[in-house]
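J.: here is my input; please provide its structure:
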Amino acid sequence: MDRIQIDWGNFTQYVSVIIDILLVSYVIYKLIMLLRGTRAIQLLKGIMVIVVAWLASTFLELRTLQWLMSQAFTYGVLAIIIIFQPELRRALEQLGRGRFFSRTGSVDEQAVSRLVNEVNKAAQYMAKRRIGGLIVIERNTGLSDYIETGTEIEGKVSSELLINIFIPNTPLHDGAVIIRKNMVMAAGCYLPLSENPTIDRDLGTRHRAAIGMSEVSDALSVVISEETGNVSIAVNGELKRGLSEEEVREFLMQELRPSEKSQSGFWNWKVKNDG
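T.: Below is the predicted model of the structure:
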């Protein structure tokens, strides 16, 4: 009976190729996840448009367009390094901390329920005592750029922690708290102010910052007014004002629950005056 001979040289080469492809795929995946946490993902989409245009110009033999795309690629490497400098720095920092190869799990419904209860409890406490506050809850659009503008905390979400942050005359009370999953990532963060001319003039900086954040991301912003003690929520460029304790809880659960990612229910909420 003939023996089956195995070409170990070719077998080792095949295994090496497979391992190489898997490693490169994983690194690309982690880089995409890293960029998803910043506004740089929009720039990445622009780069993809340039690549598609270059492929089309090559296939259709559009000489002028092909030359322009070639020039873009020639100087593109340096441009990418300059444009993505913050993201590249963050990637190296995470690599040094051992976080680059960490798993990124999702938040389950029980964790969402706890998060909502803690945020709502803190909001109601501050509202009764006219303590102003701005709490931003990150969703799909990453807020790493804004987290870096504040003071790093990385503490587990609790109503006590949130209340203490916004106590007047404390170092971190002036600014926004940003929450990622079940962690308070940073406090005293600077947010973009909305330039929407239709916003009521009686709204202060906190409310404009909450609306501004909802215009550039899908984050939820809970605002506590120190003038009126009302609690409002900003999402998708709109502000729902003067919500009750139960309305805040139900709305946050509806928007953050993993099994119900649709935001259509937001538009059914009644608009109230913050005053």
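
J.: phi, psi of residue 222?
T.: Dihedral pair for residue 222: phi -100, psi 120, per degrees, to the nearest 10.

J.: try residue 139
T.: Note on residue 139: backbone dihedrals following degrees, to the nearest 10 are phi -120, psi -120.

J.: grab the nearest non-local neighbour of it.
T.: Closest residue to residue 139 apart from its sequence neighbours, by CB to CB, 6 or more residues apart in numbering: residue 218 at 4.9 Å. Yep, even glycine has a C-beta here, placed from its N, CA and C like the rest.

J.: how many residues are close by the one you found?
T.: For residue 218, the count of nearby residues is 14 (other CB atoms under 10 Å).

J.: distance check, it against residue 142.
T.: To residue 142, residue 218 is 10 Å away according to CB to CB, to the nearest Å.

J.: now do residue 56
T.: Using CB to CB, residue 56 is found at 31 Å from residue 142.

J.: so for those two, which sits in the more crowded spot?
T.: Neighbours per residue (other CB under 10 Å) separate residue 56 from residue 142, with residue 142 holding more: 21 against 13.

J.: and the more buried one, how far is that from residue 219?
T.: Here the distance between residue 142 and residue 219 works out to 10 Å (CB to CB).

J.: do residue 191 as well
T.: In this view, residue 191 and residue 219 are 9 Å apart by CB to CB.

J.: list residues touching both of those two?
T.: Common neighbours of residue 191 and residue 219, using CB atoms under 8 Å, 6 or more residues apart in numbering, are 136, 213.

J.: between the two, which is the more surrounded one?
T.: residue 191 (27 against 22).

J.: and the more buried one, that's in a helix?
T.: No: according to DSSP: H, G, I helix; E, B strand; the rest coil, the state of residue 191 is coil, so it is not within a helix.
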